[in-house]
Each structure stands twice: as structure tokens, then as C-alpha cells.
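> This is a predicted model, with the sequence first.
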Amino acid sequence: MNRLKRKTSPKVIGGKVQRKNNWAVTPDYYNSDQPFPVIDRKRPGSGYRHLLKQKDIETFIGILPNWQELCRSLNAIVLAPGSSRIFGYHVPGVVHVCAWDKDLWIKLSPEGYEQERYFLEKLEVPCERRGKEVVCKFNDSTARAHQLLATLLHELGHHHDSITSKSQLRANRGETYAEEYAKKYTDEIWTRYLETFGF
């Protein structure tokens with residue numbers, strides 16, 4: 001019986017792997033400008049849940065006084081999978097709000113508590129020190145408010161930092177700028193927030 005000699009891979013020519021025809025990167029909101037911000041909702045991940053709906057984001061941005069300026073170069077707001085380390089994050093053109101722990105109560109270090117103290121007091125979240133941790137007893141309403149006012153506004157602060165910097169590409173002023181941005185706009189829209197979302 002004669003055996004035919006065949007190539008081990010028809011995609012290899014002269015020892016070099018050949019590119020497929022579709023080698024271009026598929027456009028999405030991370031690598032392509034969008035005509036208006038996309039609101040995307042990813043799976044929350046094991047042990048987490050999304051308290052916010054896309055409709056909540058749409059309603060919230062409707063009460064922001066400077067949205068027309070802020071949405072410049074903003075490609076997406078993403079309801080992202082949960083994380084034990086962060087509430088949200090920013091990459092150029094995209095802000096993320098992480099899913100909340102299924103157990104609404106969260107534990108913070110003393111440093112984390114001090115960072116969140118303004119919002120915890122504003123939202124009247126009962127907090128209890130237990131050893132080296134502070135237990136913050138959120139409910140659905142206060143956790144949702146925290147995600148919108150503390151997290152989303154903070155990440156939008158990073159975005160505002162990047163679009164108003166010299167390069168208009170990087171958020172150069174850091175965490176302090178984003179924290180102050182969130183506090184400033186929370187105070188500014190507080191009454192409208194209560195009228196829109198209740199408490």
C-alpha cells in the first residue's frame with residue numbers, strides 16, 4: 001500500500017504560519033470610538049450580583065448637569081463582574097462599575113472605611129467596628145446609591161480627568177481628583193437623586 005506524503009498543517013508554508021484572512025481586530029468599545037456611550041452589562045460572576053440595571057444608568061446620567069461635556073470620548077459604561085478588591089475601574093474611554101457582593105453587607109479595612117466615610121455617612125449606612133474590620137450594613141437602596149454616587153461618579157471623575165488633561169488621553173491627577181469629583185457632584189445632584197431614585 002502506497003502512503004501519500006501530506007502536510008502536517010495546510011496553514012504552514014515554508015515553515016511559517018500563515019495569517020488567516022480575518023486578522024483585523026474586531027471593533028468594540030475598547031478599541032473604537034462610539035457615536036454615543038454604550039451601556040453594557042456583563043455576567044456578575046460567582047458570589048456577586050448586579051444591583052444596577054442599564055435603565056438605572058440611563059436615568060442617572062439624565063440628572064448629571066454636565067453630561068454633554070462628560071460623554072465626550074466616553075465609549076461605554078460597563079456593569080462589570082464583581083471584585084473583592086475594587087468597586088469599579090477606568091480605562092481610557094470606558095468606565096466600569098463592578099457587581100456587588102450577594103451578601104449586601106461588606107467589610108472594609110480602617111483605611112478603606114476612611115476612604116468611603118463621606119458616602120457611608122451621606123447614605124446613613126450603619127457601620128460597626130469588629131476587630132480590625134469595619135462591617136458596613138448596606139441594604140439594596142444604599143448599595144445602589146453607593147454604586148451610582150460613589151463608584152460611577154468616581155470613575156467618571158477619572159474620565160473627566162483624562163479628557164481635560166493636556167494630552168486628553170490619560171487621567172494624570174489620580175485618585176484624589178476622582179474622589180473630590182464624586183463628592184462635588186454628589187452634593188450638587190443630591191436632591192435630584194432623592195427625587196429620582198428615592199432612598
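Cool, got the structure. Please read all numbers here as calculations on a predicted model, not as lab measurements. Numbers count the residues shown, from 1 in each chain.

> alpha carbons only for contacts and neighbour counts from here, please
Fine.

> what's around residue 124, how many residues?
Other residues near residue 124 number 12, with proximity taken as other C-alpha atoms under 10 Å.

> Surely residue 96 touches residue 83?
No: here residue 96 lies out of contact with residue 83, judged by C-alpha atoms under 8 Å, at a distance of 11.4 Å.

> The two: which has the busier surroundings?
When neighbours are counted by other C-alpha under 10 Å, residue 96 comes out ahead of the other of residue 96 and residue 83, with 23 against 16.

> Name the nearest residue to the most centrally placed residue in the chain, ignoring sequence neighbours.
Most central in the chain under C-alpha atoms, centre = their mean is residue 96, positioned 1.4 Å from the mean C-alpha point. With sequence-adjacent residues excluded and distances taken as C-alpha to C-alpha, 6 or more residues apart in numbering, residue 96 is closest to residue 78, at 4.7 Å.

> what pairs with the worst-scoring helix or strand of the chain on mean pLDDT, and is each one parallel or antiparallel?
The least trusted helix or strand in the chain, going by mean pLDDT, DSSP states H and E, turns out to be strand 12-13, with a mean of 70. Strand 12-13 has these partner strands in its sheet, going by DSSP bridges: strand 16-17 (antiparallel).

> Beyond the partner strand, next helix or strand please.
Taking DSSP states H and E as the definition, the helix or strand that follows strand 16-17 towards the C-terminus is strand 38-41.

> for that following strand, packing partners?
Using 3 or more C-alpha pairs under 8 Å, 6 or more residues apart in numbering; DSSP states H and E as the contact criterion, the elements in contact with strand 38-41 are helix 54-61, strand 76-80.

> Let's see that with 10 Å instead.
helix 54-61, strand 76-80, strand 94-98 (3 or more C-alpha pairs under 10 Å, 6 or more residues apart in numbering; DSSP states H and E).

> Pull out the buried residues from that strand.
Residues of strand 38-41 classed as buried under the neighbour-count rule (16 or more other C-alpha atoms under 10 Å) are 39, 41.

> So, low pLDDT: which residues of this protein?
Scanning the chain with the threshold set as pLDDT under 70 gives 1-11, 18-24, 166-171.

> which residues of it fall in helices?
Counting by DSSP state H, residue ranges of the helices within the chain are 54-61, 67-70, 110-122, 140-145, 153-164, 174-197.

> residues of the shortest one that come out buried?
Counting neighbours by 16+ other C-alpha under 10 Å, one finds that the buried residues in helix 67-70 are residue 70.

> same check, this time on the third one
Across helix 110-122, burial judged by 16+ other C-alpha under 10 Å covers 113, 119-120.

> go on, the last one?
By neighbour count, and taking 16+ other C-alpha under 10 Å as the criterion, the buried residues in helix 174-197 are 177-179, 181-183, 185-186, 189, 193.

> Which residues does the residue nearest to residue 96 form beta bridges with?
Under DSSP bridges, the residues paired with residue 78 across the bridge are residue 40, residue 96.

> Which residues are in contact with it?
Taking C-alpha atoms under 10 Å, 6 or more residues apart in numbering as the contact definition, residue 78 lies against 37-42, 54, 57, 88-90, 94-98, 152.
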